[in-house]
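In: Quick check, what structure comes out for this input:
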Amino acid sequence: MKTTSDAIDEAQPAWILHARPYRETSLLVEAFCLQYGRVGFIARGVRSQRSQPLRAALQPLQALLLTLRGRGELLQLASAETHDVAVALRGRPLLSAFYVNELLLALLPRQQPQTALFWRYGVCINALSDEANLGWTLRCFERDLIAALGYAMKLDRDANGNPINHDASYRFDPERGAIAARRDSPESLSGESLLALAQDVLPSAALQAELRALMRRVIRWRLGGRELRSWRILAELQSVSSAD
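Out: Numbers count the residues shown, from 1 in each chain. Here you go, the predicted structure:
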């Protein structure tokens, strides 16, 4: 298996996750590559006037063929070729896509291959154009991301190995799994919602709200209690909408 301890000298599919100015004319870019997972690289000189097409290609949600050079934690851009048309997202779908990118930046270690997750990411980004099922698309990707990191959530059996009861109530301990709980206890959720996420069955809006709270707790646990910027932005937008 190739790793970036060796020089990357061949073009490969990649998605741009984040880009920010670096020094006077360069960009510092984070990408998700097919063979090497999450990588960081410097794109030198791309903020000059004559490099506008390349700079435009190095923006989040763009699929590219990247060639990177160098060794160590931060690589150098050798070439970038647009691989596909950028996904056209606006409003909540666009915010959701930035949230997915923030998840990868927060949770994925650099330079560890995640081939299956790479393809899963592409499916997720394209599915976000369906605003009616936006939340469900995010919950399924969050579940699959957590599994790719080595923590597959047990959603169809409780912490004791018993099948989840469709009509029962549970609380979910990130380290142990589902534990029987009173329906009115804090953080309780129904067996129906757990089974829906386990079986990829689109649940009701009420159950999706339970799963949103569940996945946020699990992600916060994986982050050591840290909050994501996207959560704060979404909360502010919801507050504005409620006031209108």
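In: center of this protein, which residue is that?
Out: Val100 (3.2 Å; Cα atoms, centre = their mean).
In: which residues of this structure fall in strands?
Out: 12-22, 26-33, 37-43, 63-69, 74-82, 169-173, 177-180, 189-190 (DSSP state E).
In: related to what we said a few turns ago, list the contacts for the residue nearest to the centre of the chain?
Out: Counting by Cβ atoms under 8 Å, 6 or more residues apart in numbering, Val100 makes contact with Tyr121, Cys124, Ile125, Leu128, Leu138, Phe141. C-beta here means a position set from N, CA and C on the backbone, and glycine is covered the same way.
In: How many neighbouring residues does the fifth one have?
Out: I take that to be Leu138. Using other Cβ atoms under 10 Å, the number of residues around Leu138 comes to 22.
In: Chain neighbours aside, what residue packs nearest to it?
Out: Ser96 (5.9 Å; Cβ to Cβ, 6 or more residues apart in numbering).
In: how near is that neighbour to Phe141?
Out: Distance of Ser96 to Phe141, computed by Cβ to Cβ, to the nearest Å: 10 Å.
In: likewise Ala148?
Out: Ala148 sits at a distance of 10 Å from Phe141 (criterion: Cβ to Cβ).
In: for Leu197, same thing?
Out: 12 Å.
In: I figured Arg110 hits Phe32, correct?
Out: No. In this structure, Arg110 is not within contact of Phe32 by Cβ atoms under 8 Å, at 10.6 Å.
In: intersection of neighbour lists for the two?
Out: Arg38, Val39.
In: more crowded one of those two?
Out: Between Arg110 and Phe32, counted using other Cβ under 10 Å, Phe32 has the larger neighbour count: 22 against 14.
In: So the more buried one sits against Gly122, correct?
Out: No. With contact defined as Cβ under 8 Å, Phe32 does not reach Gly122; the gap is 9.4 Å.
In: Spit out the residues that contact these two alike.
Out: When contacts are counted by Cβ under 8 Å, 6+ apart, Phe32 and Gly122 have Trp15 as shared neighbours.
In: Contacts made by stretch 189-204 with the rest, please.
Out: Outside stretch 189-204, the residues that touch it by Cβ under 8 Å, 6+ apart are 133, 136, 139-140, 143, 155-156, 164-172, 178, 207-208, 210-211, 213-214.
In: Right, I'll leave it there.
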